[in-house]
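Novice: Here is a sequence with its predicted model. Questions after.
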Amino acid sequence: MTESIVTAAAAVAALVAAGGAFYRWGRVEEAISELRKSDERLQASINQVREDVRELRLILLSQQRDD
């Protein structure tokens, strides 16, 4: 009887541990997804800054030619 209680307790502990691991893995996947979204937004911002710098450079070159 004691062995079956110990076995059942061990099984419950294993299930709780597995559930915690799956929960943490889910949180990790969620964090990775958020990082990817953040990276995409950052890349879009970088691309916009590059485009703005190109336009500014063209404006400055145009003004130099006019002088």
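Specialist: Right, received. Where do you want to start? Please read all numbers here as calculations on a predicted model, not as lab measurements.
Novice: roughly how far apart are the residue sitting nearest the centre point of the chain and Val12?
Specialist: Centroid check for the chain by Cα atoms, centre = their mean gives Leu35 as the closest residue, at 1.6 Å. Distance, Leu35 to Val12, using Cβ to Cβ, to the nearest Å: 35 Å. No exception for glycine: its C-beta is placed from N, CA and C like everyone else's.
Novice: now the protein, which segments are flagged as low pLDDT?
Specialist: 1 (pLDDT under 70).
Novice: mind listing the helices for it?
Specialist: For the chain, the helices defined by DSSP state H occupy 2-66.
Novice: what's the distance between Glu30 and Gln43?
Specialist: 20 Å.
Novice: and if you look at Glu34?
Specialist: For Glu34, the distance to Gln43 - Cβ to Cβ - is 15 Å.
Novice: How far off centre is stretch 16-30?
Specialist: Chain-centre distance of stretch 16-30: 16 Å, with Cα atoms, centre = their mean, to the nearest Å.
Novice: CA-only coordinates of it in CSV, if you can.
Specialist: Output of stretch 16-30 as CSV, limited to C-alpha atoms (Å, rounded to 0.1, in the frame of the first residue of the first chain):
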residue,chain,number,x,y,z
VAL,A,16,3.4,18.6,-12.3
ALA,A,17,7.0,19.0,-13.4
ALA,A,18,6.1,18.2,-17.0
GLY,A,19,3.2,20.6,-16.9
GLY,A,20,5.6,23.3,-15.6
ALA,A,21,8.1,22.5,-18.3
PHE,A,22,5.4,22.8,-21.0
TYR,A,23,4.2,26.1,-19.5
ARG,A,24,7.7,27.5,-19.5
TRP,A,25,8.2,26.3,-23.1
GLY,A,26,5.0,28.0,-24.1
ARG,A,27,6.3,31.2,-22.4
VAL,A,28,9.6,30.8,-24.2
GLU,A,29,7.9,30.4,-27.6
GLU,A,30,5.8,33.5,-26.8
